[in-house]
Each structure stands twice: as C-alpha cells, then as structure tokens.
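Whatever this is, show me its structure:
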Amino acid sequence: MDQGRSGLRLDKYWALELEETGVSRARISEWIKAGRADVNDRPCRRPSLLVRTGDRLRLSWVPPEERIHPVPGALDIVWQDEHLLVLDKPAGLSVHPAASCNEVTLANQLLAAFPKIEGQDPLRPGIVHRLDKSTSGLMLAALSVECREQLMQDLAERRVSKEYLALVHGRPERDRGQINLPLGRDPDSKTRIRVLPKTGREALTMFEVLFVFPGEAFSLLKVRIITGRTHQIRVHLAHLGHPILGDRTYGPARWAELHRKDPGLARLVSRQMLHSFRLGFRHPLSREELSFSRQVPLDFQRVLVRLQRRPQTVAVSGGPDSGKSFFCRLLAGTRHPVWNWKTVLAGLLEPGGDGLELLARTLGSGFDPGRPESDPMRVIAGGGTGGGKTEIIFETLAPLLEHRMREFISENHGSRLLLLEIPAGLLQRVGRDSFDRVLRLETEAVSKKDGREDGHDLVIINTGSKEDLEKQAEYAARLLTRSRREKTREFVQQMQKTGIVRCPV
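Numbering: from 1, shown residues only. Predicted coordinates:
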C-alpha cells in the first residue's frame with residue numbers, strides 16, 4: 001500500500017481503489033464484514049481498521065456466484081488481434097453492470113462475442129477502462145489475461161493517450177488551457193463528482209477550442225485527459241463555466257435555459273455531447289505504437305450542423321415606393337419573421353417611447369415633428385442628410401433602431417431566415433457586413449435612370465406588376481435557400497477535413 005493512503009479506513013481505502021468500477025463504499029463494507037478482505041495475509045472483518053504504509057491488502061470483491069451472462073449484440077470493432085480489441089461504443093450503452101444498472105452492457109456483449117474472456121473479472125470481462133453510458137467513442141478491451149494486466153498498468157501509469165470531442169455551452173476565455181483541480185465524490189450525492197481541493201484526487205484536463213459557433217453560444221473542444229477520474233471532463237468543464245451540452249447532471253441550469261429558448265435544439269440533443277475521439281497507446285505485448293481515431297456518430301453530427309445553422313439575415317432595402325414591404329411579405333410567407341423599420345420607429349415615437357423622450361431631451365423646444373425637416377420617418381428614410389437638426393435626429397434615432405434590430409435577430413435565433421426591411425441610410429450606418437445577403441428593390445423608372453447599384457447581392461426591379469414581383473420573390477427565395485445549403489456544405493467539409501465527421505449530413 002502506498003504512503004499517501006496511510007491512516008485511511010479499510011473500507012475507504014478500497015472505495016478509492018475501486019472508484020472507477022462504481023462499487024459503493026457501503027457494498028465494500030459488506031464484503032469486508034463477510035470475510036472477503038485480507039490484511040497482511042490474515043482475514044479482516046473490520047471496515048474501520050486503519051491501514052498503514054507497507055500493509056499487504058487483498059479484497060475478494062466479487063463472489064463466485066456473481067457473474068454476468070453473455071448477451072449477443074452488435075459490436076463496432078475498429079481493430080483487433082488475438083489479445084486486444086479497439087471498439088466504438090455507442091451512446092446509451094453502459095460499459096459494465098453496476099448497482100444502478102441492471103440492463104445489457106458492453107461487457108455482456110463482449111462475453112458473447114469472445115467466450116474466452118470468461119476467465120477474467122466475472123463482472124467486467126475484457127473491460128480495462130470505462131466511458132459514461134451517454135458518452136460515445138473509442139474504448140480498449142482485453143482478450144487475454146496478460147493483455148488485461150499490462151493494459152491496466154499502462155492506464156495507471158498514464159501511458160495511454162485519450163482525446164475527446166466535447167460540445168460545450170459558451171466560449172472559454174482562452175483557446176487553449178488546462179484544468180488542474182482535484183476531484184472526489186460529492187458528500188451530498190452518491191452519484192455526483194465535484195471539485196474537492198483538500199481531499200480530492202489529482203485530476204488534470206487539457207483542452208483546445210476547435211470551433212466557435214455563431215453568437216459564441218456553443219464551442220467544440222478537443223479535450224485530452226492526463227488522469228482518468230470518474231466524470232472528469234464533465235466536472236472540470238462545468239467548473240470552468242462551460243458545461244457539456246446535454247449534461248443534465250452537471251449543467252442543469254443551462255439545460256433548462258436551452259429548453260426555454262430553443263426547444264427544437266433541445267429535442268435534438270438526446271444525451272451529453274461527449275465523444276471519445278482518439279486513442280494512442282503501445283500494444284500491451286508487442287509494445288508497438290498504435291493510434292486510432294473515430295468520427296462522431298450521426299446524432300452528434302446533426303447537432304453540429306444545427307448549431308452552425310444560425311439565421312440567414314437578409315436586408316431588403318430600396319427607395320420610396322419600391323415595394324419593399326410587399327416583397328418582404330412575399331419572401332416570408334407564413335414561416336419567416338420580418339423586421340420593419342417603420343413599425344419599430346413608430347413604437348419609439350409613441351408617447352413615453354424611448355425615441356420621443358430622447359429627441360425631446362436632445363432638441364428641447366426645437367423639436368417639431370410636424371416640420372418636414374424634423375419628421376423622423378423622412379429623416380431616417382433619407383439617411384440624415386442635410387445637416388442641422390436633420391442630422392441630429394438621425395444620429396439620435398438610428399442607434400435605437402439598430403439596437404432593436406439586433407434584439408430581433410437575437411430573439412429569433414432559431415429561425416432559418418430573417419428578413420429585415422431597412423432604409424438605405426440605416427443600411428449604410430449598420431454596414432453591409434452585418435447581413436448575410438442584401439436585396440435592393442427599385443422601381444423601373446429609377447432603374448433606367450441610375451442603373452443597378454453595386455454592393456447588393458440582388459437588385460429587384462419592380463415593374464408595377466404583382467405577378468412579376470411574385471416571380472422575382474420565388475427566384476430570390478431559391479437563391480437564398482441555395483446559399484444556406486452551400487454554407488452547410490462548407491461547414492461539413494471543414495469538419496470532414498479535421499476527421500470530426502465521416503460523411504455529409
């Protein structure tokens with residue numbers, strides 16, 4: 001027994017030794033009382049016995065009658081030889097039986113596929129390390145006793161490299177970092193782990209930000225664990241303020257918030273978005289260097305693509321009487337939200353509205369909305385040209401309109417397409433780059449006089465024919481749909497190049 005655990009109770013010592021198995025301290029205490037523990041080659045039935053440095057300790061922690069049974073199942077084998085197996089565990093499958101798990105496990109399926117491993121651990125044949133039930137990805141399994149013993153030694157001595165992909169809430173302050181915080185069982189919960197600075201066991205996690213999704217609401221991290229504590233990645237990232245998406249245990253507040261704000265995404269997230277991405281190790285017998293990686297499964301891919309699909313923002317601009325409002329309604333139909341600057345401005349100018357009060361404080365008695373040069377609608381539509389009070393009114397109201405516009409975009413983040421009817425002057429202030437696409441409507445007379453303006457993705461000529469405008473709206477809708485799909489393809493190709501996804505979604 002190592003010196004670091006001298007003075008511990010016998011049941012506490014074995015609880016720490018068997019932490020990764022999920023066996024409770026109460027169960028271990030029962031085994032000790034039943035005579036399954038030896039101290040210095042003599043039976044010991046006292047769970048409270050304090051162990052000392054140099055003690056020889058032994059625990060027969062699985063009675064002969066407690067064995068699992070083979071249950072056939074589909075194993076996704078990545079690589080194997082006569083001693084070793086590398087497999088891809090699906091999310092939703094427990095690794096081995098535990099007090100809280102009475103269902104078919106990976107260990108049952110391994111025993112059915114490889115009966116020769118029956119002579120290993122009766123409850124965990126072939127198992128040398130574990131993944132949480134809701135975590136997918138690569139695992140090692142031993143097919144021979146000698147392989148199992150060497151693998152467990154390599155894992156204990158940190159000679160196995162384990163990398164994960166984790167989708168987390170928010171964006172970490174640093175693009176690379178490490179979390180070095182001791183972990184242990186939560187004193188208030190038997191199933192939870194927490195940071196315990198004084199009594200926890202060493203736990204070291206390295207992370208790197210691979211991709212930040214629109215609005216910095218979510219990030220994809222590559223995570224490497226140096227130690228292998230229970231729930232290590234989940235607890236460390238949650239402690240950092242960025243719990244894993246879908247982790248109801250360590251990120252309940254974020255999960256509840258997601259249900260309120262984006263129920264569609266919440267329905268898509270069926271588990272914690274954590275995947276064992278890469279394993280690197282020496283073959284336990286030949287000592288050959290081996291490395292394997294496996295892309296995320298389809299459910300993970302779908303969430304990645306869904307997060308990338310932020311709303312396509314389309315500004316619809318144009319001169320007076322060009323038909324902007326009607327064209328927006330045609331494009332939107334009944335599915336897509338529309339922001340109309342005139343409606344928003346009218347609300348700002350109502351009695352008690354922010355815009356009216358701000359103008360009154362800025363201009364005092366000099367503000368007379370009845371005069372053409374002071375009419376806010378005309379001023380905003382004209383871009384505030386003319387100087388004097390006109391410019392003051394524009395510079396007063398334009399920031400309010402821009403703020404309301406960005407609020408509209410944020411509130412409708414779950415939509416695929418957002419249409420924003422915006423006058424040319426406000427568009428110039430906000431900036432062309434604030435939108436994914438800019439459409440401009442012009443009457444036929446203006447078009448013949450001035451020609452098509454640069455800086456717009458599409459110029460629509462309103463000939464005065466409703467039927468013609470409907471056809472142009474259909475054409476514009478097809479272009480916008482094509483543009484959204486192209487963005488999704490580019491994202492998937494980027495993920496494919498890094499080996500994160502295996503095929504287009």
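
so residue 79 touches residue 88, yeah?
No - assessed by CB atoms under 8 Å, residue 79 is found out of contact with residue 88, at 10.4 Å. (Glycine included, C-beta is placed from N, CA and C.)

More neighbours: which of these two?
Higher neighbour count among residue 79 and residue 88: residue 88, with 18 against 12, using other CB atoms under 10 Å.

Report pLDDT for residue 365.
Residue 365 is assigned 67 on the pLDDT scale.

now swap in residue 141 and tell me
pLDDT for residue 141: 97.

Could I get the full set of helices for the stretch 301-450 of the chain?
324-332, 341-348, 354-363, 376-382, 388-411, 424-430, 444-450 (DSSP state H, counting those that start in this stretch).

Pull out the buried residues from the second one.
To tie it back to what came earlier, the one meant is helix 341-348. Neighbour counts over helix 341-348 (16 or more other CB atoms under 10 Å) mark 341, 344, 345, 348 as buried.

of those, closest to residue 391?
Lowest distance from residue 391 to the buried residues of helix 341-348 (CB to CB) belongs to residue 345, with 16.9 Å.

Could you tell me how far stretch 84-103 lies from the centre of the chain?
Counting by CA atoms, centre = their mean, to the nearest Å, stretch 84-103 is centred 23 Å from the centre of its parent chain.

In a strand, residue 286, correct?
No - secondary structure of residue 286 (DSSP: H, G, I helix; E, B strand; the rest coil): coil, not part of a strand.

if we can go back for a sec, please tabulate the helices of the stretch 301-450 of the chain in JSON lines, including the columns distance to residue 275.
Output for those, formatted as JSON lines (distance: least, CB to CB, whole Å):
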{"stretch": "helix 324-332", "distance to residue 275": "38"}
{"stretch": "helix 341-348", "distance to residue 275": "43"}
{"stretch": "helix 354-363", "distance to residue 275": "47"}
{"stretch": "helix 376-382", "distance to residue 275": "50"}
{"stretch": "helix 388-411", "distance to residue 275": "30"}
{"stretch": "helix 424-430", "distance to residue 275": "39"}
{"stretch": "helix 444-450", "distance to residue 275": "54"}
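
Identify whichever of those helices lies nearest to residue 295.
Taking CB to CB, helix 388-411 is the member of the helices of the stretch 301-450 of the chain nearest to residue 295, at 32.3 Å.

where does the stretch 351-500 of the chain have low pLDDT?
By pLDDT under 70, the weakly predicted segments of the stretch 351-500 of the chain are 365-374, 386, 445-455.

wait, isn't residue 72 in contact with residue 114?
No - between residue 72 and residue 114 there is no contact under CB under 8 Å: 11.8 Å.

what about those two, which has more around it?
Between residue 72 and residue 114, counted using other CB under 10 Å, the more crowded position is residue 114 (19 against 11).

ok, the closest residue to that one other than its chain neighbours - contacts?
Closest residue to residue 114 apart from its sequence neighbours, by CB to CB, 6 or more residues apart in numbering: residue 143 at 5.7 Å. Neighbouring residues of residue 143 by CB atoms under 8 Å, 6 or more residues apart in numbering: 80, 82, 83, 84, 85, 114, 116, 117, 126.

who does the fifth one bridge with?
Put plainly, it is residue 85. Going by DSSP bridges, residue 85 is paired in beta bridges with residue 80, residue 141.

Could you check how many residues crowd around it?
22.

pLDDT score assigned to it?
Looking at residue 85, its pLDDT is 96.

pretty sure it is in contact with residue 77, am I right?
Yes - between residue 85 and residue 77 there is a contact at 6.4 Å, judged by CB under 8 Å.

Grab the most central residue of the chain for me.
Central residue of the chain (CA atoms, centre = their mean): residue 167, 2.8 Å from the mean position.

Domain-wise, how is the protein divided?
3-59, 77-308, 312-492 (automatic domain parsing).

out of these, nearest to residue 498?
Of all the domains of the chain, it is domain 77-308 that lies closest to residue 498, at 7.1 Å by CB to CB.

If you drop the residues flanking it in sequence, what lies closest to the residue nearest to the centre of the chain?
In space, and not counting its chain neighbours, residue 167 is closest to residue 273: 3.7 Å by CB to CB, 6+ apart.

quick one: contacts for that neighbour?
Residue 273 is in contact with 166, 167, 244, 245, 246, 300, 303, counting by CB under 8 Å, 6+ apart.

Of the contacts of residue 143, select the buried ones using a ChimeraX command.
Selection of buried members from the contacts of residue 143 for ChimeraX, criterion 16+ other CB under 10 Å:
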select :83,84,85,114,117,126
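
now the end-to-end length of stretch 264-276.
Its first and final residues considered, stretch 264-276 spans 26 Å by CA to CA, to the nearest Å.

can you check stretch 146-166 too?
End-to-end distance for stretch 146-166, by CA to CA: 33 Å.

Where does the residue nearest to the centre of the chain sit: helix, strand or coil?
Residue 167 ends up strand, using three-state DSSP.

Which strand residues bridge it?
Each beta-bridge partner of residue 167 is listed here, defined by DSSP bridges: residue 220.

For it, give me its contacts.
Applying CB under 8 Å, 6+ apart to residue 167 gives the contacts 218-221, 244-246, 273-274, 300, 303-304, 307.

now swap in residue 417 and tell me
Contacts of residue 417 by CB under 8 Å, 6+ apart are 311, 312, 314, 331, 332, 335, 336, 480, 484.

could you redo the last one with a cut-off of 10 Å?
Shown in contact with residue 417 (CB atoms under 10 Å, 6 or more residues apart in numbering): 311-314, 331-333, 335-338, 436-437, 477, 480-481, 484.

Kindly report the same for residue 347.
Per CB under 10 Å, 6+ apart, neighbours of residue 347: 353, 354, 355, 404.

again, only this time at 8 Å
residue 353.

So it versus residue 426, what's the distance?
Using CB to CB, to the nearest Å, residue 347 is found at 16 Å from residue 426.

Next, the buried residues of the longest helix along the chain.
Secondary structure of the chain per DSSP state H: the longest helix is helix 466-497. Residues of helix 466-497 classed as buried by neighbour count (16+ other CB under 10 Å): 469, 472, 473, 476, 477, 480, 484, 491, 492, 495.
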